[in-house]
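>>> I would like the atomic coordinates for the input below:
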Amino acid sequence: MKKYLLFFLLIVAFHFSNAQDTSDYFNPGFLRYENYIYKESVHSVILERNNEPLSDALIVLNSGQQLHLQFDDLTQETTNYFYRIVQCDFNWRPSELHESDYTDGFFYEQVQDWKPSFNTYQVYYHYGTVFPTEQMRLTKSGNYLLIVYDNNFPENPVITWRFRVIESLVNVTSSIHRATIGEKRNSHQEIDFTINYSDFKIASPFNDLKIALQQNGRLDNCITNLKPLFLKDQEVEYNYEEENIFNGGNEFRNFDLRSVINTTPYVKSIKTDSSTGLYLATLRREQSRSFERYSILDDINGKYLIKIYDGRNDQTESDYVKVVFHLAYPEPMANGSFYVYGALTNWTFLPAARMVYDDDTQEYTTSLLVKQGYYNYHYVWVEDGKKTADETIIEGNHFETENDYSIIVYYRDPGARYDRIIGFKKLSSRNIY
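As a prediction, the model looks like this:
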């Protein structure tokens, strides 16, 4: 029976890796190589290093580090969830390797832990697992996609989520400062860096190296087209003036739902919705910050933390709350949409996060179902047909803003079939100059 199941799952794996006709993109079962939730009842997906809240989904190869996956299923019955891992190339497409090339042990594992919610209006089951395990070890660095599926329907993904496995084979030195270009000095942040590969042989740095620059957890504005500007003494420099700059943006807005008994500064009211029986939280009407001066505001750079004050177990006693957002705006804008954006929307433009204009109240509004905790977010504009958000229209744009940046160094050996990650550097613009 086990051999039959393994054979079946391998057939499914082949189907997942090859059935990528883009005409099927809007079909529910189409496998997306991005952070995506396919099942409506699944919420609050978190993937971070085990025992390190708010950390990146990133581990060092052969270090013993593990990732911790958590999510809720808002149903009254348990499900046998399993997961498998697909290695991806630099562009987050399937690599040419077979699972046996990068996995030592089993190709799939079961999501081991599940617990029912306790004393909540919204009934759910909380699921969690840590990986890699002794039974499923990763042997190569690179980009990876975690695929969670229901064992009864292995052909249909439930969750896909990106993570990285890195090696520390090169040294990355970096600096963040105001943009060099005069007209962008007050609004943009420039990331200059150098890669020293004296301890790692690279025959052709211009051809074999690829770089990804990521701001906070954002997936839409990554810079991935940089080439070395200078090469000297086994060092490559990426010291551009325009190609390596980001909008500084603004500190993230926040709302605090760690308690549903008392309101917090940005929460106008909390009550029980008679139509659903769930908590309903209305945020205070918010204004554009595009013409305001920069103001220091502590944030967690767009992430969220599941937490409650009125209970013992954050993961199973936190209730779900429908949060209503109100953004004042004098008139509707054409040729695009405003979205609530951040980790609470999986750093994607969720349909539920798209805001609708109300002519009577002159505001954009939407609502999202979230688990109790502390949340960061921005209001962003997405022009029709575009895949990158503009946060500056509502939030403003300041070089002083504190952002996190990640520099990821990829390398492909000549003739190799996959992209390694041989260097990683994370830095903050807190002390920007």
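>>> residue ranges of the helices in the stretch 201-350 of the chain, please?
In the stretch 201-350 of the chain, the helices defined using DSSP state H, counting those that start in this stretch lie at 205-208, 314-317.
>>> which of these has the lowest average pLDDT?
For the helices of the stretch 201-350 of the chain, the bottom mean pLDDT is recorded on helix 205-208, which sits at a mean of 93.
>>> how distant is it from the center of its chain?
Its chain's C-alpha centre lies 28 Å from the corresponding centre of helix 205-208 when counted by C-alpha atoms, centre = their mean, to the nearest Å.
>>> for stretch 246-262, same thing?
Taking the mean of its C-alpha atoms, stretch 246-262 sits 17 Å from the chain's own mean (C-alpha atoms, centre = their mean).
>>> Mean pLDDT per helix and strand in the protein: which one sits at the bottom?
Per-element confidence for the chain was summarised using mean pLDDT, DSSP states H and E. The lowest value among helices and strands belongs to helix 2-18, with a mean of 42.
>>> sorry, back to before: highest mean neighbour count out of the helices of the stretch 201-350 of the chain?
Most buried of those by mean neighbour count (mean count of other C-beta atoms under 10 Å) is helix 314-317; its value is a mean of 18. Bear in mind the C-beta positions are built from the backbone N, C-alpha and C, glycine included.
>>> Tally up the residues packed near Y329, please.
When neighbours are defined as other C-beta atoms under 10 Å, Y329 has 18 of them.
>>> before we move on, what SS does the nearest residue to it once chain neighbours are set aside have?
Take Y329 and drop its neighbours on the chain: the residue closest to it by C-beta to C-beta, 6 or more residues apart in numbering is Y364, 5.6 Å away. The assignment at Y364 comes out as strand when based on DSSP: H, G, I helix; E, B strand; the rest coil.
>>> How about Y364: which residues does it bridge to?
L327, Y357 (DSSP bridges).
>>> Next, work out how far apart it and E183 are.
According to C-beta to C-beta, to the nearest Å, Y364 and E183 sit 30 Å apart.
>>> who has more neighbours, these two?
Y364 (24 against 8).
>>> got any ranges where the chain has weak pLDDT?
Low-confidence regions of the chain, defined by pLDDT under 70, span residues 1-29.
>>> 90 - rerun?
Low-confidence segments of the chain, defined by pLDDT under 90, are located at 1-30, 152, 154, 233, 262, 310-311, 414-415, 431-433.
>>> Can you list the strands that the strand or helix carrying I59 pairs with?
Using DSSP states H and E, I59 maps to strand 58-60. In the sheet, strand 58-60 lines up against strand 157-166 (parallel) (DSSP bridges).
>>> residues near A57, how many?
19.
>>> wait, it sits on V45?
No. If you go by C-beta atoms under 8 Å, A57 and V45 don't touch, sitting 10.7 Å apart.
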